[in-house]
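In: task: produce atomic coordinates for the following.
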Amino acid sequence: MADTYDFGLVGLGVMGRNFILNVADNGFTAFGNDLDEEKVGALITEGGDTDKVNASSDVKTFVNALTTPRKIMLLVPAGKVVDIVIESLLPHLDKGDIIIDGGNSFFTDTDRREAYLKEKGINFFGAGVSGGAKGARRGPSIMPGGSREAYQHVKPIFEAVSAKYKGEPCVAYLGPKSAGNYVKMVHNGIEYGLMQLTSEIYDLLKKAGGLSNAELHQTFGQWNEGRLQSFLVEITSEIFEQKDDLGDGELVDKILDKAKQKGTGKWTSQNAMDLGIPVPTIDVAVSMRELSALKEERIKADALYDRPTPKTVDKADFISKAEQALYFAFIITYAQGMHQLADASKEYGYELELGEIAKIWRAGCIIRAALLADITDAYQANENLENLLLSPSFVEKVKETVDAAREMTAYGALNGIPLAGLSNALTYFDAYTSSRLPLNLIQAQRDYFGSHTYERVDREGIFHTEWEDN
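Out: Have a look, this model is predicted:
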């Protein structure tokens, strides 16, 4: 057993065990901690060499095994568990030690914990980790925020274990306070949107295009070789060929259509509303998961109402336009998420560099996509870019695909196929690119019934009218 270890990790579930083994594979010694003796034993067995990887269920033994300043990462469920673990560590820590929350904690909890621990001389920061269990083992995208000085102690380890895009590590210091957790929250919101859009295009291809699972596998596989190349499109292709080991046919057809969530998408949507930033594609992705949970009610309603029979389509043309529509909607979803990050950066003092964020998302994370290289370029070309839709490099991409998005949305509406994500992406685009919206009427209504005042297009000032009540 080594005298001291470079890195400590609390929480030896699949994610934690994979991350700590990744640390050891990249030349750093690591020590794990978990109350579950079986998980402790599993890590020691899989690690193979206790001089490189070791673990204990005893907190004092764990803390004393680490070099100072101690670098301790928590990969435990968000919420009260994080606070409980912090309190268990505190009696054994020294001033200057570092605690890193690698879970999906709500950003205001991170701010609270940082302030609390700062008073005790302990450095604390949140670091979003994306890529799932496989990413944790092979190289995730990591989004740290907090004390820049404290991050320098962890930087060599994070850069070593992170995913690489053309040799560049997919990790970067993002900003002070809860910047890391906030960026991960919006990352997950974007993820919700992209997953919803992908499921809708699947629905169109299956119900209207009549594609078999084999054809869906081939179609998404071909798309993944082009401009839609992404982790989600890649795994979608693979899902369609997975056989059901409990019965006949493909597994996807046996999975219940009730999607669950852990809250990060909802947090993104709620916080966007607090900031006054429109993210309708993300909003509706959350709502559709909630609607999907109403399975029994949906079955009853389905029996009460007639649904149109989808009109026959030209399969090749339909597949082509579905690809264009999905690409268009992916752009819109990223645009909404990046817009939220830009506004949050100003509101919370994060000092975020959007080009840097897009850069570390290019590999390792769930929303990694070829499109992110273009997004990185757009924000590096103009760091003050207000919205991705205003980038010259994206104008042509959108112009080339928006008509297909309109056609697919109209087809869905006329043929009873719900396309909440796609239609909201299109509505967002049409509203954002409209120099005149009908909200003048809403302002008139508000002033009529509540004397809320209004502004005018022809002169400066705030106005109120005594409306005639006929």
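In: just the strands in this structure please.
Out: With DSSP state E applied, the chain shows strands at 7-10, 30-33, 53-56, 71-74, 98-101, 123-130, 141-145, 164-165, 168-169, listed in chain order.
In: any chance of those in JSON lines with mean pLDDT, mean neighbour count and distance to Thr465 as columns?
Out: Where you see a C-beta, it was placed from the backbone N, CA and C, and this is true even at glycine. JSON lines is the format used below for these (pLDDT from 0 to 100; neighbours: other Cβ atoms under 10 Å; distance: least, Cβ to Cβ, whole Å):
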{"stretch": "strand 7-10", "mean pLDDT": "97", "mean neighbour count": "26", "distance to Thr465": "62"}
{"stretch": "strand 30-33", "mean pLDDT": "96", "mean neighbour count": "30", "distance to Thr465": "67"}
{"stretch": "strand 53-56", "mean pLDDT": "95", "mean neighbour count": "23", "distance to Thr465": "72"}
{"stretch": "strand 71-74", "mean pLDDT": "97", "mean neighbour count": "25", "distance to Thr465": "58"}
{"stretch": "strand 98-101", "mean pLDDT": "97", "mean neighbour count": "26", "distance to Thr465": "53"}
{"stretch": "strand 123-130", "mean pLDDT": "94", "mean neighbour count": "27", "distance to Thr465": "49"}
{"stretch": "strand 141-145", "mean pLDDT": "96", "mean neighbour count": "29", "distance to Thr465": "48"}
{"stretch": "strand 164-165", "mean pLDDT": "94", "mean neighbour count": "17", "distance to Thr465": "57"}
{"stretch": "strand 168-169", "mean pLDDT": "95", "mean neighbour count": "18", "distance to Thr465": "59"}
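In: domain-wise, how is this structure divided?
Out: Described in terms of automatic domain parsing, the domain architecture of the chain consists of the residue ranges 7-177, 184-432, 436-470.
In: winner for burial among those?
Out: When neighbours are counted by mean count of other Cβ atoms under 10 Å, the highest per-stretch mean among those falls to domain 7-177, a mean of 20.
In: lowest confidence element among the helices and strands of this structure?
Out: Per-element confidence for the chain was summarised using mean pLDDT, DSSP states H and E. The lowest value among helices and strands belongs to helix 132-138, with a mean of 89.
In: check what contacts that one and list those residues.
Out: Applying Cβ atoms under 8 Å, 6 or more residues apart in numbering, the set of residues contacting helix 132-138 from outside is 14-16, 18-19, 21-22, 129, 131, 141, 163, 364-366.
In: contacting residues for the residue nearest to Glu200 when sequence neighbours are not counted?
Out: Computed as Cβ to Cβ, 6 or more residues apart in numbering, the closest residue to Glu200 that is not its neighbour in sequence is Leu419, at 4.9 Å. By Cβ under 8 Å, 6+ apart, the contact list for Leu419 reads Glu200, Asp203, Leu204, Met408, Thr409, Gly412, Ala413.
In: now Leu419: phi and psi?
Out: Dihedral pair for Leu419: phi -130, psi 60, per degrees, to the nearest 10.
In: for this structure, give me the ranges with low pLDDT.
Out: Counting by pLDDT under 70, the chain has low-confidence residues at 1-3, 470.
In: center of it - which residue?
Out: Within the chain, one residue has its C-alpha closest to the average C-alpha position: by Cα atoms, centre = their mean, that is Asn188, at 1.8 Å.
In: check contacts around it.
Out: Asn188 sits next to Asn104, Ser130, Thr264, Gly265, Thr268 when contact means Cβ under 8 Å, 6+ apart.
In: tell me the contacts of the third one?
Out: Under the criterion of Cβ under 8 Å, 6+ apart, the contact partners of Thr264 comprise Asn104, Lys184, Met185, Asn188, Gly189.
In: would JSON lines of the residues you listed with distance to Pro69 be doable?
Out: Written out in JSON lines, the entries for these read as follows (distance: Cβ to Cβ, whole Å):
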{"residue": "Asn104", "distance to Pro69": "25"}
{"residue": "Lys184", "distance to Pro69": "24"}
{"residue": "Met185", "distance to Pro69": "28"}
{"residue": "Asn188", "distance to Pro69": "30"}
{"residue": "Gly189", "distance to Pro69": "34"}
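In: looking at those residues, which is nearest Pro310?
Out: Set against Pro310, the nearest of the contacts of Thr264 by Cβ to Cβ is Gly189 (30.9 Å).
In: didn't the closest one look like it was pressed against Gly263?
Out: No. With contact taken as Cβ atoms under 8 Å, Gly189 and Gly263 are classed as non-touching, separated by 10.8 Å.
In: separation between Arg138 and Asp25?
Out: Between Arg138 and Asp25 the distance is 10 Å, computed by Cβ to Cβ, to the nearest Å.
In: cool, Asp36 as well?
Out: Look at Asp36 and Asp25: by Cβ to Cβ, they are 23 Å apart.
In: same check on Ile157?
Out: Computed as Cβ to Cβ, the Ile157 to Asp25 distance reads 12 Å.
In: with Phe318 instead?
Out: Spatial separation of Phe318 from Asp25 under the definition Cβ to Cβ is 46 Å.
In: kindly report the same for Lys260.
Out: As it turns out, when the distance is counted by Cβ to Cβ, Lys260 lies 32 Å from Asp25.
In: ends of stretch 350-359, what's the gap?
Out: For stretch 350-359, the first and last residues are 17 Å from each other (Cα to Cα, to the nearest Å).
In: outside of that stretch, which residues touch it?
Out: 143, 145, 165, 168, 170, 172, 174-177, 179, 182-183, 338, 341-342, 344-345, 372, 375-376, 378-380, 383, 385.
In: residues making contact with stretch 381-399?
Out: Stretch 381-399 is contacted from outside by 327-328, 331-332, 334-335, 338-339, 342, 353-355, 374-375, 377-379, 429, 432-433, using Cβ under 8 Å, 6+ apart.
In: swap the cut-off to 6 Å and go again
Out: Contacts to stretch 381-399, defined as Cβ atoms under 6 Å, 6 or more residues apart in numbering, come from residues Ala335, Met338, His339, Ala378, Tyr379.
In: and the fourth one, what does it touch?
Out: With contact taken as Cβ under 6 Å, 6+ apart, Ala378 is in contact with Ser391, Ser393.
In: next one: the third one
Out: Contacts here follow Cβ under 6 Å, 6+ apart; on that basis His339 touches Ile277, Asn387.
In: return the distance of Gln229 relative to Gly349.
Out: For Gln229, the distance to Gly349 under the criterion Cβ to Cβ works out to 35 Å.
In: and if you look at Ile235?
Out: The value you get for Ile235 to Gly349, if Cβ to Cβ is used, is 37 Å.
In: surely Ala172 and Ile360 touch.
Out: Yes. Counting by Cβ atoms under 6 Å, Ile360 is a contact partner of Ala172 at 5.2 Å.
In: what about the helices in the stretch 1-150 of the chain?
Out: Listed in chain order, the helices of the stretch 1-150 of the chain (DSSP state H, counting those that start in this stretch) span residues 14-25, 37-47, 59-64, 80-89, 107-118, 132-138, 148-161.
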